[in-house]
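1. Here is a sequence together with a model predicted from it:
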Amino acid sequence: MRTSSIVDGDAVEQLLLLAGALRSGLIDALAGGEARSVAEVAAAAGADRRATGIVLDALAATGVVERVTEGGVSYRLTPVGKAHLVDEGPRMERSRLLHQVNKVRGWLELPEVIRTGEPASKGKGPRDIATRSLAMGERDPDLLEEVVERCLAYGGTVRTMIDVGGAVGHLARRFSRRGIKATLLDQEAVIPLAREYLGADADAIDFITADYTRSLPAGPFDLVYFGNVYHIYSPETNARVTREAFSTVSPGGVIAIQDYILGRSAQAAMFAVNMLRSTVDGGVWTEEQHREWLRDAGFVEIEVVDLDSASTQLVLARRPRGL
Ligand SMILES: C[S@@+](CC[C@H](N)C(=O)[O-])C[C@H]1O[C@@H](n2cnc3c(N)ncnc32)[C@H](O)[C@@H]1O
């Protein structure tokens with residue numbers, strides 16, 4: 001038997017198993033917490049009984065579900081399964097897993113992507129925007145807190161901020177809860193999802209629907225934040241957006257860019273393949289490219305920080321006070 005491999009093929013199958021169980025309704029059939037028989041789970045999910053039994057046993061083998069044998073065989077979610085797949089909270093990763101599987105479709109076209117240099121055709125059609133946006137909302141709370149802390153520590157007085165490409169507002173909400181007037185900018189299809197995700201927090205946040213590569217709001221904002229968006233576009237677009245951001249930042253205010261920096265993030269090279277398969281000219285960019293865009297736009301005091309809670313970097317810079 002082979003004792004080692006350069007890939008963990010089981011992890012891929014486990015991901016697909018969890019996504020299949022989520023999408024087919026098997027996990028939700030157990031969401032109530034009580035143990036249910038195969039027949040009950042299959043009936044609740046509208047699923048085939050034999051298939052349900054096989055998948056429930058596999059879920060039990062992964063530790064998401066527990067097999068109960070008192071009074072006949074039944075299944076219930078384990079505390080791990082509940083925390084990661086059902087209960088809203090810091091460990092929830094339901095949308096993130098589904099988004100990961102959506103991405104696999106494009107990865108399967110990698111040979112063609114490599115041959116043509118074009119993104120995968122699956123990436124060109126209508127996308128599952130809700131899953132992608134909600135997956136962003138499941139980012140690690142420690143990462144979000146670290147970003148807020150570092151932006152505020154660098155920025156000093158921050159009264160207003162805009163989160164450009166902020167998805168469902170998971171970061172904007174954290175600034176808002178600190179008493180900072182937050183604005184969330186994203187594409188038209190995302191803003192209603194953000195309002196729903198934010199619930200009561202949405203009342204304190206301003207929303208802007210826009211294509212930020214065409215124009216940014218006049219502001220000014222004390223902090224203009226770009227999280228994981230510079231990798232979607234080319235260096236030329238990023239240079240132009242950075243120049244435009246200069247007028248959107250208040251004099252003395254801050255621009256912050258969070259992303260995988262090539263040469264500093266251990267995950268950057270792998271992430272570049274994600275952009276290769278899903279965008280026309282996105283990618284991961286070096287520290288020097290970021291510094292050049294910022295310097296050319298007029299920003300000063302450029303700092304590049306390796307985040308403790310993620311393998312990404314935070315690039316911070318200031319618009320000079322008198323300008
Ligand atoms: C990878 S997600 C990052 C979300 C969030 N900033 C974060 O770091 O968790 C990229 C977000 O940018 C938005 N976006 C991409 N291109 C955009 C554009 N040209 N104008 C406005 N929003 C854009 C997408 O809709 C998506 O919500």
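-> In hand now; what should we look at?
2. From the contact counts, what lies against the helix or strand harbouring Ala44?
-> Using DSSP states H and E, Ala44 sits within helix 38-45. Packing partners of helix 38-45 (3 or more C-beta pairs under 8 Å, 6 or more residues apart in numbering; DSSP states H and E): helix 26-29, helix 49-62, strand 74-77. Glycine gets a C-beta too; all of them are placed from N, C-alpha and C.
3. Nearest spatial neighbour of Arg139, chain-adjacent residues omitted?
-> Distances taken as C-beta to C-beta, 6 or more residues apart in numbering put His170 closest to Arg139, at 6.0 Å, once the chain neighbours are dropped.
4. got it, and Thr286?
-> Thr286 sits nearest to Leu262 (C-beta to C-beta, 6+ apart), 4.8 Å away.
5. Same check on Cys151?
-> Ala256 (5.1 Å).
6. element containing the one you found, please.
-> Applying DSSP H and E, one finds Ala256 within strand 249-259.
7. Residues in contact with that strand: which ones?
-> 147, 151, 154-155, 158, 160, 219-231, 242, 245-246, 284-285, 290, 294, 299, 307, 312-323 (C-beta atoms under 8 Å, 6 or more residues apart in numbering).
8. Among the residues you listed, which are located in strands?
-> 160, 221-227, 285, 313-318 (DSSP state E).
9. out of these, which touch the ligand?
-> Gly227 (C-beta under 6 Å from any ligand atom).
10. Show me which pair in the ones in strands among the contacts of strand 249-259 is furthest apart.
-> Distance extremes for the ones in strands among the contacts of strand 249-259: the farthest pair is Thr160 and Trp285 at 27.4 Å, using C-beta to C-beta.
11. what does the stretch 101-250 of the chain have sitting close to the ligand?
-> So the stretch 101-250 of the chain meets the ligand at 133, 136, 139, 165-167, 186-187, 190, 211-213, 227-229, 232 (C-beta under 6 Å from any ligand atom).
12. Ranking by neighbours, what's the top pick from those?
-> Within those, most neighbours by other C-beta atoms under 10 Å means Gly166, with 30 neighbours.
13. residue contacts, it?
-> Counting by C-beta under 8 Å, 6+ apart, Gly166 touches 172, 184-186, 194, 225, 227.
14. out of these, which one sits closest to the ligand?
-> Using C-beta to the nearest ligand atom, Gly227 is the member of the contacts of Gly166 that sits closest to the ligand, with 3.1 Å.
15. count of residues packed around the residue lying closest to the closest one once chain neighbours are set aside?
-> Excluding its sequence neighbours, the residue lying closest to Gly227 (C-beta to C-beta, 6+ apart) is Gln258, at 4.5 Å. Gln258 has 25 neighbouring residues, counting by other C-beta under 10 Å.
16. nearest spatial neighbour of Tyr154, skipping sequence neighbours?
-> Excluding the flanking residues, the one nearest Tyr154 by C-beta to C-beta, 6+ apart is Leu316, at 4.7 Å.
17. list the contacts for the one you found?
-> 150-151, 154, 254-256, 301-305.
18. Export those residues to TSV and append columns for pLDDT, distance to Arg76 and neighbour count.
-> What follows is the contacts of Leu316, written out as TSV (pLDDT from 0 to 100; distance: C-beta to C-beta, whole Å; neighbours: other C-beta atoms under 10 Å):
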residue	pLDDT	distance to Arg76	neighbour count
Arg150	98	41	18
Cys151	98	42	22
Tyr154	98	47	18
Val254	98	49	24
Ile255	98	49	25
Ala256	98	44	23
Glu301	98	55	12
Ile302	98	53	17
Glu303	98	49	12
Val304	98	48	16
Val305	98	44	17
